[in-house]
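Student: sequence-free structure coming up:
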């Protein structure tokens, strides 16, 4: 069976990505992975963390446990990587012990080098370039609350960072419209936008957050200073006009939702009344990391095609009230 790495949304076709999201919805609804996928009990996931994590670590670890497998958590200080062993040799050795590897790192080249030398599937848990697991969960959350994402409008406000990059990839693959508002010096890379244009994606970039949010079905933001970013004071000053507040949300569609990958800094990139208000979907979004990552692991590890495993997901009738989702989340 050919290796199935999950490195970036743009590396996979829409059919595969759709099958993963449909499977995630099925897993969430039924509480189990279809037996038809033929997952092997006792599979082991190695998780390498070169950057701190709450949601990525816990969701992957719980996902692997609930799939009937187990995980091993590693940091560079735990490994010979910290003493000069090459990444290629680490990949080759780990591949003899485990069934898959998840990496959360800085340089994207670290991820691709690991995947090039591993003989088991490799999953991108975050790099400075992209965060595909997060945006897959975001797409799932949108469709759970608002129905099919194709043709709908997503507004990204703030830093065009790794999550924004994965949203650009998602716009091309899932057919949604993406409106990005960022300070000029923190706008998406020209090469990324050129790729999106070539793929036929409907993406507009500007510097006006109100214009970007106008009529949007979902408003998304992220922190102004990510792990490893320098010039904190400069970044905060540049992004202050890009705060998502009530005025920004008022420009969006009447039943628009708000998403944030977390952790959030209330009073900076988003006001408390927005992230804690009735339009916020952040807790459904956080929960869906677990379900999407189960589906990604199942896709990576299953000898079978996902095919129709998620066919029971009725996206046309998937829209449900945000309030009911929030109420359920409050009981957890």
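Tutor: Structure received. Note that this is a predicted model, so its numbers are computed, not measured.
Student: So what's the residue count around residue 205?
Tutor: Neighbouring residues of residue 205 were enumerated by other C-beta atoms under 10 Å; the total is 18. For glycine as for every other residue, the C-beta is placed from the backbone atoms N, C-alpha and C.
Student: Would you enumerate the residues in contact with it?
Tutor: The contact partners of residue 205, taken as C-beta atoms under 8 Å, 6 or more residues apart in numbering, are 160, 180-182, 187-188, 193.
Student: hang on, it in a strand?
Tutor: Yes. With the criterion set as DSSP: H, G, I helix; E, B strand; the rest coil, the secondary structure at residue 205 is a strand.
Student: how close does it sit to residue 105?
Tutor: Between residue 205 and residue 105 the computed distance is 27 Å (C-beta to C-beta, to the nearest Å).
Student: Other residues contacting the one helix or strand residue 102 maps to?
Tutor: Assigning secondary structure by DSSP states H and E places residue 102 in strand 100-104. Under the contact criterion C-beta under 8 Å, 6+ apart, strand 100-104 has outside partners 43-51, 53, 56-57, 60, 91, 94-95, 110-111, 114, 118, 120-126, 297, 300-301.
Student: which residue sits closest to the one residue sitting closest to the centre of the chain, ignoring its sequence neighbours?
Tutor: Compute the mean C-alpha point of the chain, and by C-alpha atoms, centre = their mean the closest residue is residue 134, 1.3 Å away. Spatial nearest neighbour of residue 134, excluding adjacent residues (C-beta to C-beta, 6 or more residues apart in numbering): residue 261 at 4.9 Å.
Student: List the contacts of the one you found.
Tutor: Residues near residue 261 by C-beta under 8 Å, 6+ apart: 55, 131, 134, 138, 163, 222, 285.
Student: you'd agree the first one is up against residue 262?
Tutor: This means residue 55. Yes. Between residue 55 and residue 262 a contact is recorded at 6.4 Å, counting by C-beta atoms under 8 Å.
Student: which neighbours do the two share?
Tutor: Taking C-beta under 8 Å, 6+ apart as the contact criterion, the common neighbours of residue 55 and residue 262 are residue 286.
Student: Tell me which of these two has more neighbours.
Tutor: Summary of the neighbour comparison: residue 55 and residue 262, criterion other C-beta under 10 Å, with residue 55 having more neighbours (19 against 16).
Student: ok, now how distant is the more buried one from residue 287?
Tutor: Here residue 55 is placed at a distance of 10 Å from residue 287 (C-beta to C-beta).
Student: Please apply the same query to residue 125.
Tutor: Taken as C-beta to C-beta, the span from residue 125 to residue 287 is 17 Å.
Student: so the residue lying closest to residue 74 once chain neighbours are set aside, which of the three states?
Tutor: Leaving aside its sequence neighbours, residue 74 sits nearest to residue 48 (C-beta to C-beta, 6+ apart; 5.0 Å). Assigned state for residue 48: strand (three-state reduction, three-state DSSP).
Student: List only buried entries from the contacts of strand 100-104.
Tutor: Members of these that pass the buried threshold by neighbour count (16 or more other C-beta atoms under 10 Å) are listed as 43-51, 53, 56-57, 60, 91, 94-95, 110-111, 114, 118, 120-126, 297, 300-301.
Student: Show me those that map onto helices.
Tutor: Using DSSP state H to define helices, the subset of the buried ones among the contacts of strand 100-104 located there is 56-57, 60, 91, 94-95, 110-111, 114, 297, 300-301.
Student: Nearest to residue 271 among these?
Tutor: Using C-beta to C-beta, residue 56 is the member of those that sits closest to residue 271, with 25.8 Å.
Student: Kindly check the end-to-end length of stretch 128-135 for me.
Tutor: End-to-end distance of stretch 128-135 (C-alpha to C-alpha, to the nearest Å): 14 Å.
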